[in-house]
Each structure stands twice: as structure tokens, then as C-alpha cells.
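**Q** sequence first, predicted coordinates after that:
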Amino acid sequence: MNWPKPGNVPFQSKGDGNLTAIIDWAGLYTEESYATGFKAAADLVVDGLPNGTGGDYPCYPDQYFFPVAYLYRHCIELKLKALIRAGESSGVVSVPDKRLYGSHDLDGLWKKAREVIEVRWSGGPPEELNSAERVILEFHQLDRCGQEFRYPHGKDGKKLLSNAPPAVNLINLKEVVDGVYHFLSGCNSFDRE
């Protein structure tokens, strides 16, 4: 069992070179790259669960729901912010209240991102747009402020996730988020006139 030792420094570059992360390599980290990292981390957890390994931890999907759902929710939040930022920089939308970028309100972020999508993808099939909206708003309904997947109780002491379903299939969750992720990526790849 590992315990803290004198001289431990958590954020240093020495050690296994294959597992050394270069922070903000060439200034390329954006909402998009952060979103990809959060999604990839959640995917790794879900993909590792059926093997029953989990390292030092048992592989009960129950305990992994919270971090996986949080990582996916945060990925979606960042994808929406990236889309809004791209729409703002190309003049498609204006964001008069810059607090939107610091917001965790998926409903508000989605409304602004949808404006961008509808301008940049005018005439596009509404089925995918409405399907993405349903998924995003379901995440919003479960976790309105980005805290409910992170903590069991709110600041007021009340239990969080009180409106969550009794069970969630993590493989299905991964597949559904994968669709929204790729949809939002595609929407952000349109030519920025």
C-alpha cells in the first residue's frame, strides 16, 4: 500500500516518458481538446469494465456511473462552448453576456449552440438536431449545474440526483454520448465564412 512520502511532488515531469503529459503543447488546447480528453477518459472506464479487472478496484458499474456520467456531461458542455465560441468568432452569433462561457447550464449553452447550428447548417435535417437536443437536455435535467454527478449531497445537505433513473446501462450511455459528440464535432467543422 502506497503512502505519502517526504518530497512527493504530484505535478512533475520525471518518470516514465511514455506517460508524461505535455501541458498545453504548442498552445493547442481548446474546449475541443479538453472535451476529447474527458470523453476518452470516460470511454476507457466503460471499455475496461466488462473485463472485470479495474486494477485495485472491483468492477461494479454502480460506482463508476458517477465519474463516467460527469466526464460525459463535461465533454458535452465543452463541445457546446466550443461551438458557441466558433460561432461568435465567425460572426454567426453574438454572446453579449460572456458569463455564458463560465456557465454549466447545458440548457442555456444548448440554446446558443443551436443558434449557431441553425445558421451554419440551414436546411439541415432536423431529426439529428432534435435528437441531440433531447440527449443534452436529459443531461441537463439530471444535473443542472454540473455538480450532481460529482457529489452525493448539495450544499444544503439534500441528496442529489433525486430524479435519476434507478439504473443506467453504461455501454448505452457511451454510445449515445458518442453520437452527440460526433454530431457536435461535425457541426463545428462547417466552413466558417
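**A** Alright, I've got the coordinates. Nothing here was measured: the structure is a model prediction, and the numbers come from that model.

**Q** how much space separates residue 104 from residue 20?
**A** Taking C-beta to C-beta, to the nearest Å as the measure, residue 104 and residue 20 are separated by 31 Å. (Glycine included, C-beta is placed from N, CA and C.)

**Q** between these two, which one's more packed in?
**A** Using other C-beta atoms under 10 Å as the criterion, residue 104 and residue 20 rank with residue 104 on top: 15 against 11.

**Q** and the residue nearest the centre of the chain, its phi and psi?
**A** With the centre of the chain defined as its mean C-alpha position, the nearest residue by C-alpha atoms, centre = their mean is residue 75, 1.5 Å away. Per-residue torsions, residue 75: phi -60, psi -50 (degrees, to the nearest 10).

**Q** just the element for the closest residue to residue 177 other than its chain neighbours, please.
**A** Beyond its immediate neighbours in the sequence, the residue positioned closest to residue 177 (C-beta to C-beta, 6 or more residues apart in numbering) is residue 72, lying 4.5 Å away. Residue 72 is part of helix 61-89, with elements assigned from DSSP states H and E.

**Q** the residue nearest to the centre of the chain reaches residue 32, doesn't it?
**A** No. With contact defined as C-beta atoms under 8 Å, residue 75 and residue 32 do not form a contacting pair (10.3 Å).

**Q** show me where this structure has strands.
**A** Ranges of strands within the chain: none, based on DSSP state E.

**Q** let me know the pLDDT of residue 62.
**A** Looking at residue 62, its pLDDT is 86.

**Q** let me redo that: residue 59
**A** Per-residue pLDDT puts residue 59 at 70.

**Q** pretty sure it is touching residue 49, no?
**A** Yes. The pair residue 59 and residue 49 passes the contact test of C-beta under 8 Å, sitting 5.1 Å apart.

**Q** ok, now which ones touch the residue lying closest to residue 103 once chain neighbours are set aside?
**A** Across the structure, with C-beta to C-beta, 6+ apart as the measure, the residue nearest residue 103 apart from its sequence neighbours is residue 109 (6.5 Å). Shown in contact with residue 109 (C-beta atoms under 8 Å, 6 or more residues apart in numbering): 77, 80, 81, 84, 100, 103.

**Q** repeat that with 10 Å
**A** Contacts here follow C-beta atoms under 10 Å, 6 or more residues apart in numbering; on that basis residue 109 touches 76-81, 83-84, 100-101, 103, 136, 140.

**Q** any low-confidence regions in the chain?
**A** Screening the chain residue by residue with the criterion pLDDT under 70, one finds the ranges 17, 25-26, 50-58, 190-193.

**Q** which residues in it form helices?
**A** For the chain, the helices defined by DSSP state H occupy 31-48, 61-89, 106-120, 126-142, 170-187.
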